[in-house]
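>>> how would this look folded up:
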Amino acid sequence: MHVSGKKTAEQDSTSMAKSRSRRGVLKLATVAVAVTSVPFGAAAAASATASTSTVADDFSFVSTFLTGKASLDPDIQAALLKAFAALDTGFGAKLAALRTVIARDNVTAENLHETLSANDPDLASLPQVILAGWYLGVAGSGKHAICVTYVNDLANAAVSDVLSPPSYAYGPCNSWAQKPI
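Okay, the predicted model is just below:
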């Protein structure tokens, strides 16, 4: 600065060059961050999708193993998985551990509880929870229970050739109340 408090033309052009170079550096840094974060963002999205599909694969494998059913309704499977994950943030990790035990120890559905109780007590109740979801159509219990299905749960499917689901009358109104002949 000049003694009089006013900038000279030379000082003014120097400060403009500095501010332009600062702006340029900031713009360049912004572009660099944006460009380099795109692949990482895509990789993170792919990783999240992969981990979700892994959890879904684990749930499908464990469900098929526990129920003994080769084909389970994929919509109910997705809804149960979503409900279990909402109730327990560690559900995916527990499921992966359960799948590992099943594959590693070559257990059967009949001796799974005994094996888990002896070797992995933290997982011992998980098969019962999953089976309750499939057979009752409900994930969780009490105030935290989430109803996923009613008519299409495995308990109703097991008796569907003889019984209708409770509270469902198939026929005209009051047809269930007609006296037998």
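>>> what about residue 150, neighbour count?
14 (other C-beta atoms under 10 Å). Backbone N, C-alpha and C define where each C-beta goes, glycine included.
>>> scratch that, residue 159 is what I was asking about
The number of residues packed around residue 159, counting by other C-beta under 10 Å, is 10.
>>> do the same with residue 140
Residue 140, neighbours per other C-beta under 10 Å, totals 18.
>>> where's the residue nearest to it when sequence neighbours are not counted relative to residue 119, distance?
Take residue 140 and drop its neighbours on the chain: the residue closest to it by C-beta to C-beta, 6 or more residues apart in numbering is residue 87, 4.7 Å away. When distance is defined by C-beta to C-beta, to the nearest Å, residue 87 is 25 Å away from residue 119.
>>> likewise for residue 139?
Here the distance between residue 139 and residue 119 works out to 26 Å (C-beta to C-beta).
>>> repeat for residue 112
Residue 112 sits 11 Å away from residue 119 when distances are taken as C-beta to C-beta.
>>> these two: who's more crowded?
More neighbours surround residue 112 than the other of residue 112 and residue 119, with 21 against 13 (other C-beta under 10 Å).
>>> so what's that one scoring on pLDDT?
As summarised for this prediction, residue 112 has a pLDDT of 93.
>>> quick check: it touching residue 118?
No. Look at residue 112 against residue 118 with C-beta atoms under 8 Å: they stay out of range, at 11.0 Å.
>>> shared neighbours, those two?
Both residue 112 and residue 118 lack any common contacting residue under the criterion C-beta atoms under 8 Å, 6 or more residues apart in numbering.
>>> please enumerate the helices of this protein.
Remark: helices assigned in the chain by DSSP state H are 9-67, 74-87, 91-105, 112-119, 126-136, 154-158.
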